[in-house]
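Peer 1: Provide a 3D model corresponding to the input given below.
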Amino acid sequence: MTVQFMSPERQRAAEQRLFAALEKTADQVRAGLTATARRTLPARLATPHAQVAYLHRRAGGSTRQVADQLGVHPETVRRYLRGLRKHPPADFADRLEAAVRSLYRPRSRISQTQVDQAMCARGLRANVRGTFGFSSTGVGTSDDPRERWLNEDLSRETSRTLVAAWHAGDGPRALQLLSDGVAQSYFRFDPGMEAGMSHLAYIDFEA
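Peer 2: Numbering: from 1, shown residues only. Predicted coordinates:
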């Protein structure tokens, strides 16, 4: 597929639009991974004793504060801290876990590698408004370039290569990869078919 914009300025604008869309998608994926990490308690906080001890530390050692937070008597908190109680009633267990989850924050940050892998795990879905046209020597047909709204799934490999081009700051390469991926999905190329993009008005991704 060819990428032939009407001017260098339009091509640079399209590259910036593409990079902004990838940045937005990466931010959304990072937020989702962070939220998942916060919902998943580590093994060290798996028992009622560990959870009460965690709240106790976060409360600066105040048994009364933890008791008020959980709606129990301070002596109940002390018994869990001493390991004298190990099997809380269901409603107390739910309150205890909810209290821990409200305070727990993962120690490690989500890495860019994790974000990239999550973005490309299924392949990016590109929502594009741009000017596309095609011609085919095999069947002797053509379609003059016109603006189209396209919602196409990029392959995992194309998605990975596109993300790599974004990180490298290679705008022309990224734009070419997007154009190829969208055209391959939309036009379902036959032998001798050639497609081209000459304008990119809008681009958004779904991971």
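Peer 1: going forward, measure contacts and count neighbours with C-alpha atoms only.
Peer 2: Noted.
Peer 1: what about the residue of the chain positioned farthest from its centre, which SS state?
Peer 2: Ranked by distance from the centre of the chain (Cα atoms, centre = their mean), the top residue is Glu75, with 44.8 Å. Of the three states, Glu75 takes helix according to DSSP: H, G, I helix; E, B strand; the rest coil.
Peer 1: Tell me how far it lies from Ala99.
Peer 2: Look at Glu75 and Ala99: by Cα to Cα, to the nearest Å, they are 18 Å apart.
Peer 1: do the same with Thr63
Peer 2: 14 Å.
Peer 1: quick one, which of those two is more surrounded?
Peer 2: Thr63 (22 against 17; other Cα atoms under 10 Å).
Peer 1: what sits against the more buried one?
Peer 2: Each residue near Thr63 by Cα atoms under 8 Å, 6 or more residues apart in numbering is listed here: His56, Pro74, Val77, Arg78.
Peer 1: Apply 7 Å and report the result again.
Peer 2: His56, Pro74, Val77 (Cα atoms under 7 Å, 6 or more residues apart in numbering).
Peer 1: For the last one, give me its contacts.
Peer 2: Residues in contact with Val77, defined by Cα under 7 Å, 6+ apart, are Thr63, Ala67.
Peer 1: which regions of the chain sit below the pLDDT cut-off?
Peer 2: Scanning the chain for pLDDT under 70 picks out 1-2, 6, 135-144, 188-195.
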